[in-house]
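Trainee: quick one, what's the 3D model for this:
(one chain, ligands or ions: 1)
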Amino acid sequence: MKPIQVGLLGLGTVGSGTYEVLKRNQAEIQRRLGRPVVISMVADLDTAKAQALVGPDCQVVADAKQVIANPEIDIVIELIGGYGIALELVMSAIEAGKHVVTANKALLAVHGNAIFAAAQRQGVMVGYEAAVAGGIPIIKSLREGLSANRIEWLAGIINGTTNFILTEMREKGLSFDVALKEAQALGYAEADPTFDIQGIDAAHKVSIMSAIAFGIPMPFAKAYIEGITQLQAEDIEFAKQLGYRIKLLGISKKTAHGIELRVHPSLVSEKSLIANVEGAMNAVMVKADAVGTTLYYGKGAGGEPTASAVIADLVDIARLSTADAACRVPYLAYQPAAIQDLPVLAIDDVETCHYLRLGVADQAGVLANVTGVLAECGISIDAMLQQPAAHGLDQTELIILTHVAQERVMNAAIQKIQQLPTVLKPVIRIRKEDLS
Ligand code: HSE
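Mentor: Alright, predicted model coming up:
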């Protein structure tokens, strides 16, 4: 049978991983697919290096547009990244009637709605399993595996760089800067690591998951995003003393009022499975009405783990390329006409538990004043920890865990607490997730 011909744009870590895995496992993949699939054309600016890597049977060009213009190519894999040239290439591949596979979470989070609309017009597929959590088949699980369910919420550690940094800070007491340099040296970080540490990369990924979990248009522009740059080592330590770990979570929940969509550091019980996802590993928890809670764990980055997801999309597309377009799995899991533009809630409307750290004067009545403000605002306290004042100092740290409170109410309480003359430093607040 005629092989499916694939054009690969970008032969970096994931591109070469894809080429290698496809070659190594060709026989096994063909057993699953029923016909061969070959990467017959590659575009990369370093043509000499690329040609040496792929050998003489594959055509290498510097200009990606040549791949798209080749009528023999059935599927284009975009592994360039970013939303500059990658957007132009993906759109022109779609316009040329080619199916597309991409690992580009930034591109889909920002331009996904336009890309899927164009793909639908052209009757082509866009596979993006590799865009979220690398090798973990979370897109397929949400879109197909859980399609019997009403999905209630999902929460994930979906950025390996920040999880690695938080693990190193907690386990080895490293500073943020040293841990970040290590993560970069190990190749986990994005080209621009601000996308990792400011939570933007995680927001891209949680937005994609939210869209397919709840059948809404790509909601990235409405996401609340807070990274780990403001997180201090003391809070990691205090959380530890209270039995919690701090993780950067991407969270999306369906509530009666709309969709919560947020990325921020969160306290999670050290006994929970997700708290024990360490180093650069990723994990996503999904709560759905029929199946209950499920957990997906694995490598969220790297050449071969991400290649595993890219090739899974290739196989799906190759399998379905002869089926009726209407029978295909919809781009955003729900039929385009069934997408509902549910409101994505402002962070002020979100309800969570909170960890507060207060630098206070060590005097009579201080605790009563602080708890008085919380009581006035209707915020209930779950646990408290007070550090003995350091020798010779008349100030101390007061740690408070609260029960669920609305963000808007908590903001007002923090503002009032901040104005107490005995509160000496800016109040530190970290949200806490129960995930039960
Ligand atoms: N920079 C990303 C991470 C790579 O740290 O998870 C995979 O998307």
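Trainee: let's verify residue 106: helix, strand, or coil?
Mentor: At residue 106, secondary structure determined by DSSP: H, G, I helix; E, B strand; the rest coil is helix.
Trainee: where are the low-confidence patches of the protein?
Mentor: Applying pLDDT under 70 to the chain flags residues 321-328.
Trainee: what about 90?
Mentor: 1-3, 28-36, 83, 173-175, 183-192, 233, 318-338, 387-394, 434-436 (pLDDT under 90).
Trainee: could you list the domains of it?
Mentor: 4-137+303-338, 144-299, 350-432 (automatic domain parsing).
Trainee: so for residue 344, which of those sits nearest?
Mentor: domain 144-299 (3.9 Å; Cβ to Cβ). For the C-beta atoms, the positions are set from N, CA and C on the backbone; glycine is no exception.
Trainee: now the end-to-end length of that closest one.
Mentor: Distance across domain 144-299, first residue to last, is 21 Å (Cα to Cα, to the nearest Å).
Trainee: that one near the ligand at all?
Mentor: Yes - counting by Cβ under 6 Å from any ligand atom, the ligand is contacted by domain 144-299 at 159-161, 188-190, 196, 201.
Trainee: distance from that domain to the middle of the chain?
Mentor: 7 Å (Cα atoms, centre = their mean, to the nearest Å).
Trainee: need phi/psi at residue 249.
Mentor: In terms of degrees, to the nearest 10, the main-chain angles of residue 249 are phi -110, psi 140.
Trainee: excluding chain neighbours, what is closest to it?
Mentor: Closest residue to residue 249 apart from its sequence neighbours, by Cβ to Cβ, 6 or more residues apart in numbering: residue 266 at 4.6 Å.
Trainee: can you put the domains of the chain in TSV and add mean neighbour count and distance to residue 344?
Mentor: Output for those, formatted as TSV (neighbours: other Cβ atoms under 10 Å; distance: least, Cβ to Cβ, whole Å):
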stretch	mean neighbour count	distance to residue 344
domain 4-137+303-338	19	13
domain 144-299	20	4
domain 350-432	16	11
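Trainee: narrow the residues of domain 144-299 next to the ligand to those in helices?
Mentor: 160-161, 196, 201 (DSSP state H).
Trainee: my guess is the residue nearest to residue 249 contacts residue 434, does it?
Mentor: No - between residue 266 and residue 434 there is no contact under Cβ atoms under 8 Å: 9.9 Å.
Trainee: common neighbours of these two, please.
Mentor: The contact sets of residue 266 and residue 434 do not overlap (Cβ atoms under 8 Å, 6 or more residues apart in numbering).
Trainee: could you report the neighbour count for whichever residue of the stretch 251-400 of the chain sits closest to the ligand?
Mentor: Per Cβ to the nearest ligand atom, residue 301 is where the stretch 251-400 of the chain lies closest to the ligand, at 3.6 Å. Residue 301 has 23 neighbours, counted by other Cβ atoms under 10 Å.
Trainee: distance of residue 276 relative to residue 299?
Mentor: As for residue 276, its distance to residue 299 is 16 Å (criterion: Cβ to Cβ, to the nearest Å).
Trainee: ranges for the helices of the stretch 251-400 of the chain?
Mentor: Using DSSP state H, counting those that start in this stretch, the helices of the stretch 251-400 of the chain run over residues 303-320, 366-376.
Trainee: and those as JSON lines, adding distance to residue 28?
Mentor: What follows is the helices of the stretch 251-400 of the chain, written out as JSON lines (distance: least, Cβ to Cβ, whole Å):
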{"stretch": "helix 303-320", "distance to residue 28": "11"}
{"stretch": "helix 366-376", "distance to residue 28": "60"}
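Trainee: turn these into a markdown table, columns for distance to the ligand.
Mentor: Formatted as a markdown table, the helices of the stretch 251-400 of the chain follow (distance: least, Cβ to the nearest ligand atom, whole Å):
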| stretch | distance to the ligand |
| --- | --- |
| helix 303-320 | 7 |
| helix 366-376 | 36 |
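Trainee: out of those, flag the one nearest residue 118.
Mentor: Nearest of the helices of the stretch 251-400 of the chain (Cβ to Cβ): helix 303-320, 16.3 Å.
Trainee: roughly how far out does the closest one sit from the chain middle?
Mentor: 19 Å.
Trainee: now do that helix: which elements does it pack against?
Mentor: strand 4-9, helix 13-24, helix 26-33, strand 37-43, strand 75-78, strand 99-102, strand 126-127 (3 or more Cβ pairs under 8 Å, 6 or more residues apart in numbering; DSSP states H and E).
Trainee: need these in TSV (columns: distance to the ligand).
Mentor: Converted to TSV, those look like this (distance: least, Cβ to the nearest ligand atom, whole Å):
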stretch	distance to the ligand
strand 4-9	18
helix 13-24	9
helix 26-33	24
strand 37-43	22
strand 75-78	15
strand 99-102	13
strand 126-127	16
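Trainee: since that was my last question, I'll sign off now.
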